[in-house]
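J.: 3D model of this:
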Amino acid sequence: MAAYAVLISLDQTLEDFIQKNRNQILDHHENGRHLFQYLHQNIISLLRIFDDFPQKVSKWEEQIHDAANEAESIIEDYISLLIWDAEMSPEEEQSLFHNIGKVSVTFESILDEMKMGVYEGQGIGEEVPYVVTIQREEKEKLFGVDNHLTEIRNRIFSDSYVNRQIVPIVGMGGIGKTSLAKAIFDDKDIINQFDLCRWVTVSQNYNVKAILLAILGVENLLEEVNVSIIDLGVRVNQLLYHRRYLLVLDDIWDLDAWDEVQTRLRDDGNRSWVFFTTRREDVARYAKSLGFICELKLLDKETSWSMLEYRVFGEEPCPLELEEIGYDIAKGCDGLPLAIVVIAGILINTSLNQDSWLSIANNIFEALELSNNSYMKILALSYQHLPHYLRPCFLYMSVFSKDEAIRVSILLKFWIADGFIKPRNSSMDMEEIAYQYLKQLLKRNLIIFRGKSYNGRIKLIHIHGLLGDLCKKKAEEEKFLHFRDTMVEGITTTRRATFLGTELPYLRTLICTNSNNDFVSESKFLSCKHLRIFDAYPIVNNDFPSHLLKLCHLRYLELNFQPVEGFEIPLDICKLENLEILSINLRGTAAWMFKSFTIPVEIWKMSKLKKIEFFPPSYLASPKDESLYQLPNLLSLQKVRNFCFTEETVKRIPNVRKLDLFYDIVPTEESCSEYYFSNVGNLNCLEIIKLQCWSGEYYDLGWSMWSPLLKSMTFSSSLKKLKFGGGAVRATWEDMARIIGPLPNLQVLKVRDNVFFGSVWEMKEGDFENLRVLEIHVSDLECWVSEGENPLPSLQRLALTACPNLTELPDDIGNIATLESIIVDDHQEAIVDWAKQIEEEQLDCGNQLLRVIILYIAGKRL
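T.: Numbering: from 1, shown residues only. Predicted coordinates:
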């Protein structure tokens with residue numbers, strides 16, 4: 001929600017301004033601090049009302065949005081002047097307080113009005129009972145749920161389940177949860193097993209009294225409106241006494257709703273069953289019984305087409321000339337049964353010709369929206385039920401393309417930079433809070449999991465295509481984001497846009513593609529002085545656009561250039577003192593002409609930086625001795641060339657977690673010590689390090705083998721992921737076992753290009769106890785043996801490729817209980833035979849999880 005997002009941002013801006021007290025301005029004016037603190041208290045009160053009464057605040061949202069925009073711009077204008085060393089006259093300072101006073105009055109008025117509106121009648125009387133359903137409808141043919149139905153029938157007819165069973169049916173809106181529940185409820189063989197059957201629709205605005213009356217079988221709810229919930233609970237308990245009952249609770253949204261009902265459902269050990277449908281995974285897992293959750297997934301393409309064909313033509317086949325188009329239409333529904341049902345209704349009333357069907361195939365979302373208003377309402381319920389703090393996070397998904405694999409790390413950084421994430425106290429990590437927000441969206445089935453990282457955390461997600469369309473529609477309606485192809489009333493107050501085509505004085509976020517020189521022209525940015533996020537791709541430009549340096553509120557800057565020549569980063573980049581993310585990439589064939597560029601030493605003065613990334617890998621000068629030159633908040637340093645780990649440098653990046661570094665190795669004795677690799681172990685927070693060492697035209701195999709660079713390297717026990725490549729610097733397998741083997745938290749080890757050489761690797765007992773991923777690519781290794789009987793006890797993925805001489809491997813690898821995949825290539829006959837033997841042994845033991853993947857020259861997999 002746009003208003004809530006602006007309030008959260010203003011809250012943080014005010015808090016930061018009051019705490020820092022820039023230029024001691026709050027100390028110079030008797031009422032100054034009081035004014036800012038009073039405004040801050042009003043904002044906190046408004047946020048509390050949004051949280052406590054989310055359904056009652058829409059009337060005031062536009063007023064709040066505009067007032068918050070104005071207040072934040074006033075404060076940021078003042079901060080901009082201080083950053084650029086401009087002096088303010090007493091009159092200008094007085095004007096600042098005057099303007100803050102005016103906007104405070106506005107907020108006070110809104111707050112008073114809201115308090116009267118939202119608290120009026122609160123806690124008085126009873127809610128109107130929600131209409132419930134206690135009936136069966138005509139049986140329908142279902143698709144994609146046969147396995148679920150079979151399992152449920154087998155469990156119900158089994159004598160193994162004596163106690164009351166609770167089965168949540170969970171999935172996104174429109175996926176068929178209610179249809180599956182009805183199929184169970186309509187099954188005569190199932191119904192005949194029970195003494196009492198009830199179907200109750202709960203929904204978002206649930207009413208406990210209405211639910212209990214429905215369980216009692218009372219159809220005229222108004223007759224019992226004066227009966228207390230306690231009395232109804234007693235009657236339900238009496239009704240269910242020693243009866244085997246089947247209860248379906250359709251559409252549960254809250255943990256509280258479930259708790260209110262389940263405490264009144266007695267369990268007499270007579271094999272009663274309770275099913276409930278929900279969109280929320282957390283509700284399902286909270287209520288599950290014996291670990292059985294019926295989790296519905298999207299239909300595959302073939303099943304989607306089968307369902308669409310049946311819905312349109314019944315038992316008759318689709319005409320051949322429409323089959324291919326029909327298949328594309330089904331595919332466009334992205335496996336969502338509700339969308340298929342609605343589209344089928346459209347096709348039934350459409351001429352059976354290719355042109356008519358093609359028109360629908362090319363505009364599926366528009367057809368769904370126009371044909372069936374209830375379709376959009378069903379999907380929109382998930383959004384409307386979101387707490388306010390999650391709504392802007394969900395709407396941010398509209399920035400990304402349909403079905404795009406979204407990197408979670410980037411998405412979370414956008415949320416943080418835009419001001420959506422507010423920690424409750426200074427010790428809380430904002431990225432961790434943002435990650436928990438992401439997990440909540442996932443549990444509510446609004447986004448889809450697509451991939452995880454080595455440590456099990458979510459790495460990639462995407463949003464269902466039709467939910468993505470809904471997200472974009474909501475973002476437009478709520479003026480959350482302005483898209484290139486839309487012009488709506490009041491767009492000048494927007495804070496986010498995907499292009500810059502008009503004056504947008506309140507703009508905070510600009511994320512766009514297909515940029516050009518005109519796009520970043522100075523005139524276009526005159527009104528964007530409050531910009532926080534700027535992500536553009538690509539920009540064809542000789543130079544770094546110097547006018548961007550005036551955007552002193554920038555927190556996130558990612559620029560992708562297609563440079564011509566002579567690209568440089570200006571020294572004044574340190575003026576961007578609020579910058580947290582800096583990513584500069586030279587793309588296209590021209591980028592390789594430069595090989596690298598030099599990063600000015602002034603970057604070390606940007607103390608708020610959390611991530612620095614460059615491409616191609618470039619040179620970052622060591623910091624000066626002055627105290628200003630340090631990066632205490634830096635977490636990630638990527639694509640940097642020839643980085644020196646001097647003691648002073650290491651002290652200035654104490655919290656860095658990820659390093660991705662490249663080295664140009666010259667085979668001389670002097671180069672062995674100039675990078676100070678022995679100091680890497682002093683980085684006590686380091687979790688990930690990637691090292692690539694190249695030597696170009698100076699490549700010398702003999703020198704690389706005796707070079708002490710890697711042999712002198714040390715690592716902190718915090719290290720979790722390690723990747724070596726390049727081959728210009730090497731060490732023996734014995735060195736590897738000595739340096740890397742004992743690391744207690746190492747989970748991923750990837751070595752390439754003969755970085756470790758020698759014919760034998762002897763793995764010591766107790767080494768690599770937590771290693772989950774091991775990849776060796778291009779190695780002259782011949783024999784890999786293990787001292788212990790239980791090597792690599794936590795291993796999940798093993799990849800051995802381009803190791804043609806490797807013939808002997810530890811036999812006990814096949815006994816690793818956690819092993820999920822072994823990847824080899826067909827040029828390693830001995831390894832292929834070894835891997836296949838392990839797979840057969842595991843299958844004989846009943847383990848069907850292990851997969852052996854053989855890579856062939858053509859890139860195919862067996």
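J.: which parts of the stretch 651-800 of the chain are strands?
T.: 658-664, 688-694, 721-725, 731-732, 748-752, 756-757, 760-763, 773-777, 783-786, 797-801 (DSSP state E, counting those that start in this stretch).
J.: now render those as TSV, adding mean neighbour count and distance to residue 450.
T.: All C-beta spots, glycine's among them, are computed from the backbone N, C-alpha and C. Converted to TSV, the strands of the stretch 651-800 of the chain look like this (neighbours: other Cβ atoms under 10 Å; distance: least, Cβ to Cβ, whole Å):
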stretch	mean neighbour count	distance to residue 450
strand 658-664	19	21
strand 688-694	20	21
strand 721-725	20	20
strand 731-732	20	37
strand 748-752	19	19
strand 756-757	20	33
strand 760-763	16	34
strand 773-777	18	19
strand 783-786	17	34
strand 797-801	20	18
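J.: among these, which is nearest residue 77?
T.: The closest of the strands of the stretch 651-800 of the chain to residue 77 is strand 658-664. By Cβ to Cβ, the value is 35.8 Å.
J.: so for that closest one, what's the average pLDDT?
T.: Averaged across strand 658-664, the pLDDT comes to 91.
J.: show me what the top helix by length along the chain is packed against.
T.: In the chain, ranked by residue count with DSSP state H as the criterion, the top helix is helix 90-119. Contact here means 3 or more Cβ pairs under 8 Å, 6 or more residues apart in numbering; DSSP states H and E; on that basis helix 90-119 packs against helix 25-28, helix 32-52, helix 61-83.
J.: any idea which helix or strand comes after it?
T.: For helix 90-119, the succeeding helix or strand toward the C-terminus, using DSSP states H and E, is helix 146-157.
J.: roughly how far out does that following helix sit from the chain middle?
T.: In terms of Cα atoms, centre = their mean, to the nearest Å, the centre of helix 146-157 is found 34 Å from the chain centre.
J.: and stretch 547-564, by the same measure?
T.: The answer for stretch 547-564 is 25 Å, by Cα atoms, centre = their mean.
J.: now that stretch: buried residues?
T.: Under the neighbour-count criterion of 16 or more other Cβ atoms under 10 Å, stretch 547-564 has 548-563 buried.
J.: tell me which of these fall in strands.
T.: If you go by DSSP state E, the buried residues of stretch 547-564 have 556-561 in strands.
J.: picking up where we left off before, so which of the strands of the stretch 651-800 of the chain gets nearest residue 210?
T.: Closest among the strands of the stretch 651-800 of the chain, using Cβ to Cβ: strand 797-801, at 51.9 Å.
J.: between strand 748-752 and that closest one, find me the angle.
T.: Here the directions of strand 797-801 and strand 748-752 differ by 0 degrees (axes from the mean of the first three to the mean of the last three Cα atoms, to 10 degrees).
J.: buried set for stretch 714-723?
T.: Of the residues in stretch 714-723, 715-716, 719-723 count as buried by neighbour count, 16+ other Cβ under 10 Å.
J.: and which of the residues you listed is nearest residue 647?
T.: Distances from residue 647 to these, taken by Cβ to Cβ, are shortest for residue 716, at 15.0 Å.
J.: for the closest residue to the closest one other than its chain neighbours, list the residues it contacts.
T.: Spatial nearest neighbour of residue 716, excluding adjacent residues (Cβ to Cβ, 6 or more residues apart in numbering): residue 684 at 5.0 Å. Listed by Cβ atoms under 8 Å, 6 or more residues apart in numbering, the contact set of residue 684 reads 654, 716, 718.
J.: closest one to residue 383 out of those, please.
T.: Using Cβ to Cβ, the contacts of residue 684 come closest to residue 383 at residue 718, 39.9 Å.
J.: surely residue 104 touches residue 41?
T.: No. At 9.8 Å, residue 104 and residue 41 do not qualify as touching, with contact defined as Cβ atoms under 8 Å.
J.: so these two - more neighbours on which side?
T.: residue 104 (20 against 14; other Cβ atoms under 10 Å).
J.: ok now do the more buried one, which residues does it touch?
T.: 35, 38-39, 42.
J.: low-confidence regions, the stretch 351-500 of the chain specifically.
T.: 370-374, 425-427, 484-491 (pLDDT under 70).
J.: so where do the helices sit in it?
T.: With DSSP state H, counting those that start in this stretch, the ranges of helices along the stretch 351-500 of the chain come out as 354-361, 364-371, 373-384, 391-395, 408-418, 430-443, 465-477.
J.: output the contacting helices and strands for the fourth one.
T.: Think helix 391-395. helix 2-20, helix 408-418, helix 430-443, helix 465-477.
J.: cool, and the longest one?
T.: Using 3+ Cβ pairs under 8 Å, 6+ apart as the contact definition, the elements that helix 430-443 packs against are helix 281-287, helix 391-395, helix 408-418, strand 458-462.
J.: quick check: buried residues in it?
T.: 430, 433-435, 437-438, 440-443.
J.: likewise the first one?
T.: Within helix 354-361, the residues that qualify as buried are 357, 360-361, counting by 16+ other Cβ under 10 Å.
J.: okay, it in PDB with CA atoms only?
T.: Coordinates of each C-alpha in helix 354-361 appear next as PDB, following Å, rounded to 0.1, in the frame of the first residue of the first chain:
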ATOM      1  CA  GLN A 354      -8.300 -19.900 -35.400                       C
ATOM      2  CA  ASP A 355      -8.500 -16.000 -35.500                       C
ATOM      3  CA  SER A 356     -10.900 -16.000 -32.500                       C
ATOM      4  CA  TRP A 357      -8.800 -18.400 -30.500                       C
ATOM      5  CA  LEU A 358      -5.600 -16.600 -31.400                       C
ATOM      6  CA  SER A 359      -7.000 -13.300 -30.100                       C
ATOM      7  CA  ILE A 360      -7.600 -15.000 -26.700                       C
ATOM      8  CA  ALA A 361      -4.200 -16.700 -26.700                       C
END
